[in-house]
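Novice: Build me a structure from this.
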Amino acid sequence: MTSLIYTLRRNIIYSVLSSAIRLSANAFLFILVAKYYGPVLFGQFTTAHTLAIIFTLFADFGFDLLSTTIIASKREEAYNIIPRMFGMKCVLSFIAVILMCSYTLIHGISEGARNFIFIFSLYLFFSALLNSLFAFFRGFDELHHETNITLTINLFLLVSLIILGGLHVDLEYIALSFVSSRVYGLIVAIYKISKRVPRIFPIIDLLWIKSIWKDVSVFGIYFIFGNLFFTVDTMLISLWRGDHEVGIYQSVFRIIALCLILPDITIAATLPSLARLYDNDRMQWIKLGSVLNRMLIHIGLFLGLFLIVGAESIINVLYGLKSYNAAVSLMKIFGIVVIIRYSVEIPALMLTTSRQQYKRMFLVVVATVVNVLLNMIAIPKYGIYGAAIVSLIVNALVGIGYIVTVKKSYYYQLFSLNNILPLCLTIMMFIVTILFPHYSFWYVSVVAFIIYASIVFNFGYKKEEKKILIQNSILAFKR
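Specialist: All right, here's what the predicted structure looks like:
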């Protein structure tokens with residue numbers, strides 16, 4: 001148990017560092033572009049970047065998540081698995097680049113966005129290969145390699161941005177710096193993984209692919225649609241409403257993506273351990289999932305209400321209300337989305353680790369179809385506000401689906417006293433915050449956070465859960 005605690009603690013630390021470094025660099029860039037280049041250029045830039053993210057899903061096709069899961073449980077076979085997985089990623093990445101460039105033929109893409117798409121197609125290729133190597137590191141519980149590489153490439157990216165931004169160069173050169181950073185990161189990652197597994201050269205093994213295709217297809221379809229339903233609205237806005245609307249929408253979306261860092265970190269850090277616990281110790285699997293779930297719910301409540309109440313202050317500080325006033329209403333809608341996402345990520349993860357990934361796949365496929373159909377009505381008629389409402393509806397439906405589906409194997413209690421009491425007290429606290437003058441929002445929020453942390457510790461956990469958290473922290477520290 002002590003070894004498990006140490007591994008979880010180490011993985012969480014490295015996951016936090018990796019994600020914080022990566023997202024901080026991205027946040028700096030996107031906020032800078034939005035503020036100084038204006039909504040139109042920002043819309044073109046983020047259209048291409050979002051498209052690269054979408055086609056990266058096709059390049060990954062679930063191989064990264066499957067690689068981590070297989071290597072974590074069958075490390076003795078890693079020398080056979082890694083070259084074959086890497087070979088498939090090379091092929092899929094090349095196909096994804098061709099598909100992304102072909103997208104520029106679609107009517108409605110502006111010339112500016114088209115130029116960025118060609119540049120980010122290279123970013124897509126090298127990012128997909130780098131992500132596959134990161135997945136191998138996670139399978140070995142060696143997340144420190146990902147942290148070190150992420151730190152290096154993002155420092156390189158930030159230095160490039162400071163120099164290029166100071167020279168007021170065209171935005172295309174900033175996009176090229178993204179590509180350069182990924183090329184460098186890929187070279188370093190190949191060098192690191194070659195020390196762990198001597199044979200890294202890609203292998204195309206059709207018989208092996210056939211043997212794992214059932215598992216891959218489930219993970220792949222889920223991975224594509226699970227991310228697509230949260231990003232496809234940007235591409236639809238680009239086609240039907242133009243670059244300016246995309247810029248406003250993405251200004252909020254980038255803030256929300258930053259807020260969702262913690263669930264992503266939690267999943268990356270605990271997936272290998274939860275996968276092993278499900279096979280070896282089912283009770284510990286349930287206890288760990290319950291504690292993680294309660295932790296994310298409490299954080300999500302505060303963070304979501306913070307975004308709703310402080311929408312105007314946040315937009316004003318980051319972008320300025322003169323050009324981005326329309327983003328305030330969007331922020332309030334997406335604040336609710338944040339609460340939903342934090343509340344259902346662990347039930348979704350429990351489905352994956354209990355070998356029920358096919359259920360997640362079914363839910364997200366249906367959700368993506370519903371998302372597109374609703375947006376076909378909402379975006380032309382209501383613009384970006386319609387897209388935000390559709391995103392809220394779809395995320396709520398998916399969350400309900402996860403909770404209902406996981407009930408039989410994992411006892412999820414959203415409406416327990418430990419969750420309801422912090423929720424009620426938090427809502428009351430933010431109502432009081434609204435009554436204060438606008439300029440004092442940030443000061444009041446700090447006080448509110450301190451009060452909320454105290455409330456959560458005293459009323460948000462059962463006695464047994466408090467004991468587990470305290471004991472685990474002490475053991476991890478001693479280790």
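
Novice: What's the separation between residue 192 and residue 150?
Specialist: With the distance defined as C-beta to C-beta, to the nearest Å, residue 192 ends up 12 Å from residue 150. No exception for glycine: its C-beta is placed from N, CA and C like everyone else's.

Novice: So between those two, which is more surrounded?
Specialist: Neighbours around residue 192 and residue 150, counted as other C-beta atoms under 10 Å, are more numerous at residue 150. The numbers are 21 against 17.

Novice: so where does that one fall, helix or strand?
Specialist: Taking DSSP states H and E as the criterion, residue 150 maps to helix 143-166.

Novice: got the CA positions of that helix in CSV?
Specialist: This file holds the C-alpha atoms of helix 143-166, laid out as CSV (Å, rounded to 0.1, in the frame of the first residue of the first chain):
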residue,chain,number,x,y,z
LEU,A,143,6.2,10.5,-15.9
HIS,A,144,9.3,12.5,-15.0
HIS,A,145,10.5,12.1,-18.6
GLU,A,146,7.3,13.8,-19.9
THR,A,147,7.7,16.6,-17.4
ASN,A,148,11.3,17.3,-18.3
ILE,A,149,10.6,17.2,-22.0
THR,A,150,7.5,19.4,-21.6
LEU,A,151,9.5,21.9,-19.6
THR,A,152,12.2,22.0,-22.2
ILE,A,153,10.0,22.4,-25.3
ASN,A,154,7.8,25.0,-23.7
LEU,A,155,10.7,27.1,-22.4
PHE,A,156,11.9,27.0,-26.0
LEU,A,157,8.5,28.1,-27.2
LEU,A,158,8.2,30.9,-24.6
VAL,A,159,11.6,32.3,-25.5
SER,A,160,10.7,32.2,-29.2
LEU,A,161,7.4,34.0,-28.5
ILE,A,162,9.1,36.7,-26.5
ILE,A,163,11.6,37.3,-29.2
LEU,A,164,9.2,37.1,-32.1
GLY,A,165,6.5,39.1,-30.3
GLY,A,166,9.0,41.8,-29.5
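
Novice: For it, name the packing helices and strands.
Specialist: Under the contact definition 3 or more C-beta pairs under 8 Å, 6 or more residues apart in numbering; DSSP states H and E, helix 143-166 sits against helix 2-60, helix 111-139, helix 171-196.

Novice: Please identify the deepest-packed of those helices.
Specialist: With neighbours taken as mean count of other C-beta atoms under 10 Å, these reach their highest mean count in helix 111-139, at a mean of 22.

Novice: got the angle for it vs helix 143-166?
Specialist: Taking axes from the mean of the first three to the mean of the last three C-alpha atoms, to 10 degrees, helix 111-139 and helix 143-166 form an angle of 160 degrees between their directions.

Novice: pLDDT weak spots in the stretch 301-450 of the chain?
Specialist: By pLDDT under 70, the low-scoring segments of the stretch 301-450 of the chain are 408-423, 425-440.

Novice: switch to 80 and redo it
Specialist: Segments of the stretch 301-450 of the chain classed as low confidence (criterion: pLDDT under 80) are 352-361, 406-450.

Novice: do the stretch 51-200 of the chain as well
Specialist: Going by pLDDT under 80, which is the cut-off in play, the stretch 51-200 of the chain has low-confidence ranges at 57, 60-87, 104-112, 135-147, 157-169, 192-200.

Novice: Contact partners for the spatially closest residue to residue 194 that is not a sequence neighbour?
Specialist: Nearest-residue entry for residue 194: residue 200, 5.0 Å, with adjacent residues in sequence omitted and distances by C-beta to C-beta, 6 or more residues apart in numbering. Listed by C-beta atoms under 8 Å, 6 or more residues apart in numbering, the contact partners of residue 200 are 82-83, 86, 190, 193-194.

Novice: so residue 200, which of the three states?
Specialist: Assigned with DSSP: H, G, I helix; E, B strand; the rest coil, residue 200 falls in the coil class.

Novice: sorry, back to before: to residue 361, which of the helices and strands packed on helix 143-166 lies closest?
Specialist: In terms of C-beta to C-beta, the element of the helices and strands packed on helix 143-166 nearest to residue 361 is helix 2-60, at 13.2 Å.

Novice: Please save the CA atoms from the helix or strand following the closest one in CSV.
Specialist: Next in sequence after helix 2-60, counting helices and strands by DSSP H and E, comes helix 63-73. Below are the C-alpha coordinates for helix 63-73, written out as CSV (Å, rounded to 0.1, in the frame of the first residue of the first chain):
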residue,chain,number,x,y,z
PHE,A,63,-3.4,3.9,-29.3
ASP,A,64,-2.0,6.2,-26.6
LEU,A,65,-4.5,5.3,-23.9
LEU,A,66,-4.3,1.6,-24.9
SER,A,67,-0.5,1.7,-24.9
THR,A,68,-0.5,3.1,-21.3
THR,A,69,-3.0,0.4,-20.1
ILE,A,70,-1.2,-2.5,-21.8
ILE,A,71,2.3,-1.6,-20.8
ALA,A,72,1.2,-0.9,-17.2
SER,A,73,-0.2,-4.4,-16.9
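
Novice: name the helices or strands packed onto helix 63-73?
Specialist: If contacts are counted by 3+ C-beta pairs under 8 Å, 6+ apart, helix 63-73 sits against helix 78-102, helix 111-139, helix 206-240, helix 261-280.

Novice: among those, which is nearest residue 343?
Specialist: Closest of those to residue 343 is helix 261-280, at 9.8 Å (criterion: C-beta to C-beta).

Novice: Just want the angle from that closest one to helix 111-139.
Specialist: The directions of helix 261-280 and helix 111-139 differ by 40 degrees, with the same axes, to 10 degrees as the criterion.

Novice: Next, the angle helix 63-73 makes with helix 261-280.
Specialist: Between the direction of helix 261-280 and that of helix 63-73, the angle (the same axes, to 10 degrees) works out to 40 degrees.

Novice: between the helices and strands packed on helix 63-73, which gets nearest to residue 321?
Specialist: With C-beta to C-beta as the measure, helix 206-240 is the member of the helices and strands packed on helix 63-73 nearest residue 321 (21.2 Å).

Novice: pretty sure residue 247 is touching residue 33, no?
Specialist: No. Using C-beta atoms under 8 Å as the test, residue 247 is too far from residue 33 to be in contact (9.2 Å).

Novice: okay, and the common contacts of the two?
Specialist: With the criterion set as C-beta under 8 Å, 6+ apart, the overlap between the contacts of residue 247 and residue 33 is 41-42.

Novice: For stretch 354-364, C-alpha coordinates in CSV please.
Specialist: These are the backbone C-alpha positions of stretch 354-364, laid out as CSV (Å, rounded to 0.1, in the frame of the first residue of the first chain):
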residue,chain,number,x,y,z
SER,A,354,-13.4,-1.7,-15.1
ARG,A,355,-13.1,-2.9,-18.7
GLN,A,356,-16.3,-1.1,-19.8
GLN,A,357,-14.8,1.3,-22.3
TYR,A,358,-17.3,0.3,-24.9
LYS,A,359,-20.0,2.0,-22.9
ARG,A,360,-18.1,5.2,-22.9
MET,A,361,-17.6,4.8,-26.6
PHE,A,362,-21.4,4.5,-27.2
LEU,A,363,-22.2,7.5,-25.0
VAL,A,364,-19.8,9.9,-26.7
